[in-house]
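Undergrad: Okay, sequence plus prediction incoming.
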Amino acid sequence: MRQVVGISGANGRPASRARARSPGGGSTTSALGGSGVRQVQAGPSQGAAYGLPSPGQANRAGGDARAVSLPFAAGAGSRPWGQSGRGSALASSSAPAASEASSSRRSRLSVVVRKRPMNRREVQSQSPDVLLCRDSAVIVREPKLKVDLTKYVEEHNFLFDESFDETVSNEQLYRACVQPIIDAVFQRAKCTCFAYGQTGSGKTFTMMGPPKRLVEGLPLEERTPGIFLLASQDIFRLISSKEYAHLGVFIAFYEIYCGKLFDLLNNRQLLHARENAKQNVVIVGLQEHPVGNVQDLMEVIEFGLNSRTTGVTGANVDSSRSHAILQISLKDLESKEEHGKISFIDLAGSERGADTLDTDRQTRMDGAEINKSLLALKECIRALDQQLDHTPFRGSKLTQVLKDSLIDPESRTVMIANVSPCSISVEHSLNTLRYAYRVKELRSGSTKQSGGPAPSPGIGDPGMQYDQGPPQAYAQGDLADDVSSDESLLVDEDGVRDYQPQQSAPFHNSFSAPSAGPLDGIPASSSYASAYPGGGSSSPAEWSGNAAAAQQMGRSALGSAPAAAASAAGGMPLPQQHHQMQHMQQPQRLQHLQQQQHDAMMRPDNAPPPLGDLGLGGAEASQAALDELARQHDRLIGTILAEEEELITSHRQHIDMMVELIKEEMVHLNNVDRPGSDVDAYVTGLDRILGLKAEYIGEIRGRVDMFKEHLQQEDSLSRKFQSLASSSS
Ligand SMILES: Nc1ncnc2c1ncn2[C@@H]1O[C@H](COP(=O)(O)OP(=O)(O)OP(=O)(O)O)[C@@H](O)[C@H]1O
């Protein structure tokens, strides 16, 4: 079994010394428990350390001073967690941001974006920085080429709860969006903080700070702390107070790779998640270690990270193919009862969905599993936030183990989407942003308007204005609700408004794949651009003539990211939905279809829609066929993963039972050798034992045959998909 990677970011990427020395954090006010209004001042520009100007500073009114709105925390006068007056709070910097923040407050979920600085390699390659973070807005300027090789820029605009540019330190990020959830943990909440993004986008830096080799030898105060350290400092600061003297800190660290759990603090022991009678998920065998101070805690984390790295070296896989979960629990020292808990999750690299096209089965299975888990995570967040009756926790190991944290009525979740700034990574960055946006948009209290409220002049560049084009964008997850509204289907599928730089020509509205991201997103060409006027519709000719683009748009689990769409296939459109589709532009029809497929994902019993019934032809038909194959593949991978686990368990049981039978045989043999032995008893006994052996072997043989058959099916399905994908491109 191949093992996984690490948060440790042992990726050998160059990092500037100047950055490493940057203390990363200007003056920050407040400690946990503070209240009222805070402002976080930007620290020394890390971007400058990379020899780059700081766009954040250049564009932001007031130079390097920046008001950071705290996604969860209440503004003055309101209570961040709805429970007590304790809690951190920052003021929103603008009215729309305030309204967005207030929608965040209603929600238990906060989604923020963090952009890392350009690295030396990117600077040397002279590839431009294409990403701009401004308060809650993220603007991506994607360089594109027309068929006639004319260059143009396609702009994608997203609104999140907050975005942090390359000038923002770990400490500022922490104070703004993670500290409040640490605070909540002390108020008995179970919280989760996800770091998500492409390999090399800064997840490890955010969680752990710069790589060890860069900070070794530096005095402590000059090291840039990561979120783990900052959180543990706050945890131990609070726990030393009288109020929490009865609590202790316990830490567990494990990872999920290909649907299996490994204990990073116990020699990579294989763990099993089981539901107990109360339907709580228990990770059987997971070791929790008591820690007494910050240093102990960091040492235990370091140990776990090394264990991950060892796994990597030994098995030659990289960290971005696993999810790593660091769990810090507060427990009553006497009763051992859990008081609160925070789980930090370093999610698998967002680009890994594309692994599902790999020729190696194990890699395909990793990719499919990652897709599945990220899709399930999104669905669970959606179901919980919208208080739906059913939350599909069993959709993946990731959601299964996070069940108790996500389901907790006081739970709070922060998702940090890490993105690389460089044009080289633009497609991956867009996928990350789309996934994060989808998570954000799914939550209750989100407006169905594109990308939330239109930004105030304070948010946009003075030289830019938001495009008034489409009257409304629709939130993908709300399609079913909105299906009767034609208007809602006319907008950019990012669910965000595009805005037009006044000076920039030609202007291209973007038409992006539907529910993108690693699951639903598109790895190679993430958005489908067309220079259509009016901002609302694309050119059908241009669209339908480009089978490759169409394929990219919808390629799913097998094919890559858009697993959501593809893997979700199943479920015919309702009659009125079908009717609605006739009036849509081609890409919208396809996206509409994909959305339906996506929505049907959690209804695996649904039969796939017969392609003919959908009235599809040409590119659409082959896309739908690809989607259907991908959906089948996803299911098959799920079956294979479950069967593999069952087979291994059965094999162990088989050996145990055989050992018991052999012992019995020995007893019979010993008895029959004695003078005056009962030969009838011997024969009867032997007959029974042989019968049982045959039965046990038959049972395990059946499992092995079935498993082999499914592996073969997976192989041929994958080949079929690849040949169909290449013939339609
Ligand atoms: N905000 C930042 N400021 C300065 N350097 C950064 C920042 N974010 C990332 N880096 C640097 O960029 C490089 C890549 O970051 P990092 O290793 O954290 O990425 P990652 O997403 O964790 O990658 P992987 O998934 O491969 O572990 C590292 O050298 C890191 O120190």
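TA: Thanks, I have the structure now.
Undergrad: Now residue 126: phi and psi?
TA: Backbone torsions for residue 126, taken as degrees, to the nearest 10, come to phi 60, psi 30.
Undergrad: Tell me how many other residues surround residue 136.
TA: Using other CB atoms under 10 Å, residue 136 has 29 other residues around it. (C-beta placed from N, C-alpha, C; glycine too.)
Undergrad: doesn't residue 162 make contact with it?
TA: Yes - using CB atoms under 8 Å, residue 136 is in contact with residue 162, at 5.5 Å.
Undergrad: what about residue 703, neighbour count?
TA: Residue 703 has 15 neighbouring residues, counting by other CB under 10 Å.
Undergrad: so it is in which element?
TA: helix 679-728 (DSSP states H and E).
Undergrad: what domains does the record give for the protein?
TA: 17-442, 637-728 (automatic domain parsing).
Undergrad: Among those domains, which comes closest to the ligand?
TA: Closest approach to the ligand among the domains of the chain (CB to the nearest ligand atom): domain 17-442, 2.9 Å.
Undergrad: shaky segments in the stretch 51-200 of the chain?
TA: 51-107 (pLDDT under 70).
Undergrad: and if we set it to 90?
TA: The model of the stretch 51-200 of the chain has pLDDT under 90 over residues 51-110, 119-122, 124-127, 134-136, 144-151, 183, 198-200.
Undergrad: Can you show me the strands along the stretch 51-200 of the chain?
TA: Assigned by DSSP state E, counting those that start in this stretch, the strands in the stretch 51-200 of the chain fall at 109-115, 131-134, 137-145, 151-159, 162-164, 190-197.
Undergrad: export the ones you listed to JSON lines and tack on mean neighbour count?
TA: Supplementary listing: the strands of the stretch 51-200 of the chain in JSON lines, determined by neighbours: other CB atoms under 10 Å:
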{"stretch": "strand 109-115", "mean neighbour count": "28"}
{"stretch": "strand 131-134", "mean neighbour count": "24"}
{"stretch": "strand 137-145", "mean neighbour count": "20"}
{"stretch": "strand 151-159", "mean neighbour count": "22"}
{"stretch": "strand 162-164", "mean neighbour count": "28"}
{"stretch": "strand 190-197", "mean neighbour count": "27"}
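Undergrad: As a markdown table, these with distance to the ligand would be great.
TA: A markdown table is the format used below for these (distance: least, CB to the nearest ligand atom, whole Å):
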| stretch | distance to the ligand |
| --- | --- |
| strand 109-115 | 7 |
| strand 131-134 | 11 |
| strand 137-145 | 15 |
| strand 151-159 | 19 |
| strand 162-164 | 8 |
| strand 190-197 | 6 |
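Undergrad: Need those in CSV (columns: distance to residue 170).
TA: As requested, these are arranged in CSV below (distance: least, CB to CB, whole Å):
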stretch, distance to residue 170
strand 109-115, 9
strand 131-134, 15
strand 137-145, 19
strand 151-159, 22
strand 162-164, 10
strand 190-197, 11
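Undergrad: and the helix holding residue 703, what other elements does it pack with?
TA: With contacts taken as 3 or more CB pairs under 8 Å, 6 or more residues apart in numbering; DSSP states H and E, helix 679-728 sits against helix 361-385, helix 547-554, helix 618-673.
Undergrad: Dump the ones you listed to JSON lines, plus distance to residue 258 and mean neighbour count.
TA: Below are the helices and strands packed on helix 679-728 laid out as JSON lines (distance: least, CB to CB, whole Å; neighbours: other CB atoms under 10 Å):
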{"stretch": "helix 361-385", "distance to residue 258": "5", "mean neighbour count": "25"}
{"stretch": "helix 547-554", "distance to residue 258": "25", "mean neighbour count": "24"}
{"stretch": "helix 618-673", "distance to residue 258": "7", "mean neighbour count": "17"}
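Undergrad: coming back round to it: worst average pLDDT in the domains of the chain?
TA: Mean pLDDT is lowest for domain 17-442 out of the domains of the chain, coming in at a mean of 74.
Undergrad: Serialize the helices and strands packed on helix 679-728 to CSV and add fields for distance to the ligand.
TA: Below are those laid out as CSV (distance: least, CB to the nearest ligand atom, whole Å):
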stretch, distance to the ligand
helix 361-385, 12
helix 547-554, 24
helix 618-673, 22
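Undergrad: And those: which comes nearest residue 423?
TA: The closest of those to residue 423 is helix 547-554. By CB to CB, the value is 18.4 Å.
Undergrad: Quick one: end-to-end distance for stretch 168-183.
TA: 22 Å (CA to CA, to the nearest Å).
Undergrad: do that stretch and the ligand meet at all?
TA: No - if you take CB under 6 Å from any ligand atom as the test, stretch 168-183 misses the ligand, and the best it gets is 7.2 Å.
Undergrad: Enumerate the residues of the stretch 351-500 of the chain near the ligand.
TA: By CB under 6 Å from any ligand atom, the residues of the stretch 351-500 of the chain that approach the ligand are residue 418.
Undergrad: where along the stretch 351-500 of the chain do the strands fall?
TA: Secondary structure of the stretch 351-500 of the chain by DSSP E, counting those that start in this stretch: the strands cover 412-419, 464-466, 499-501.
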